[in-house]
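Novice: Take this sequence and fold it.
(one chain, ligands or ions: 1)
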Amino acid sequence: MKNKDSIIRELYQVLEERRDNPIDSYTSNIMKDSDKKAEDKILEKVGEESAELIIASKNDENLVYEATDLIFHALLLLVYKGVEIDDIFDEFERRRG
Ligand SMILES: N=c1c2ncn([C@@H]3O[C@H](COP(=O)(O)OP(=O)(O)OP(=O)(O)O)[C@@H](O)[C@H]3O)c2ncn1[C@@H]1O[C@H](COP(=O)(O)O)[C@@H](O)[C@H]1O
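Specialist: Next comes the predicted model:
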C-alpha cells in the first residue's frame, strides 16, 4: 500500500503547479486576481472554513471533512504567498525541540 504520509507534499506540489502554470480549475482560478484579489478570495475561504470547522466540532458532525477543508485552504494560502513546504515542516520540527 502507498505511504499516505506523502500526500501533503504531493498536494503542495500540485498547488504550486496550478499557481505557476494555471489551468481552468478551482485552485488556479482562486490564485488569480479577478473581480476580487486572489489573496482576498483565499482569505475569505479560510474564514468560511474556520467557521465551518467550529460548527462541525460543536455539532460533532463532519469534523474530519471540515478540518480537511480548512487545512487545504491554509495550504493554498501558503502556496499563493510563496512559502516553501519545508519551511512549514521545519517550523513543526523546531517546536518538537
Ligand atoms: N483537496 C482539494 C480540495 N478540497 C476542497 N476543494 C474545493 O474547494 C472548494 C470550496 O469548498 P467548499 O467546502 O466551500 O465547497 P462548496 O460548498 O462546493 O463551495 P461553495 O458553494 O461554498 O462555494 C470546492 O470547490 C472544493 O472542490 C478542493 N479542491 C482541490 N483539492 C486538491 O487540489 C488539487 C488541485 O485542484 P484543481 O485546481 O481542482 O485541479 C486536486 O487534485 C485535489 O487534490
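Novice: close enough to count as contact, P22 and K32?
Specialist: Yes - between P22 and K32 a contact is recorded at 6.3 Å, counting by Cβ atoms under 8 Å. (Glycine included, C-beta is placed from N, CA and C.)
Novice: ok, which residues in this structure are in contact with the ligand?
Specialist: L11, V14, R18, S25, Y26, T27, S28, D69, F72 (Cβ under 6 Å from any ligand atom).
Novice: and E16, how many residues sit next to it?
Specialist: Per other Cβ atoms under 10 Å, the neighbour tally for E16 reads 15.
Novice: How confident was the prediction at it?
Specialist: If you check E16, the pLDDT there is 98.
Novice: what does N3 give?
Specialist: Value listed for N3 in the pLDDT field: 81.
Novice: G97 too?
Specialist: G97 is given a pLDDT of 83.
Novice: Next up, the contacts around it.
Specialist: Neighbour list for G97: empty [criterion: Cβ atoms under 8 Å, 6 or more residues apart in numbering].
Novice: do the same with N62
Specialist: By Cβ under 8 Å, 6+ apart, the neighbours of N62 are A56.
Novice: Ramachandran coordinates for it?
Specialist: When read as degrees, to the nearest 10, the backbone of N62 gives phi 60, psi 30.
Novice: circling back: buried subset of the residues of the chain next to the ligand?
Specialist: Buried members of the residues of the chain next to the ligand, scored by 16 or more other Cβ atoms under 10 Å, are L11, R18, T27, S28, D69, F72.
Novice: wait, the fourth one sits on R18?
Specialist: Yes - contact criterion Cβ under 8 Å: S28 and R18 qualify, at 4.4 Å.
Novice: Show the pLDDT at the nearest residue in space to S34 that is not next to it in sequence.
Specialist: Ranked by Cβ to Cβ, 6 or more residues apart in numbering and with sequence neighbours excluded, the top spatial neighbour of S34 is K41, at 7.7 Å. At K41, the model reports a pLDDT of 98.
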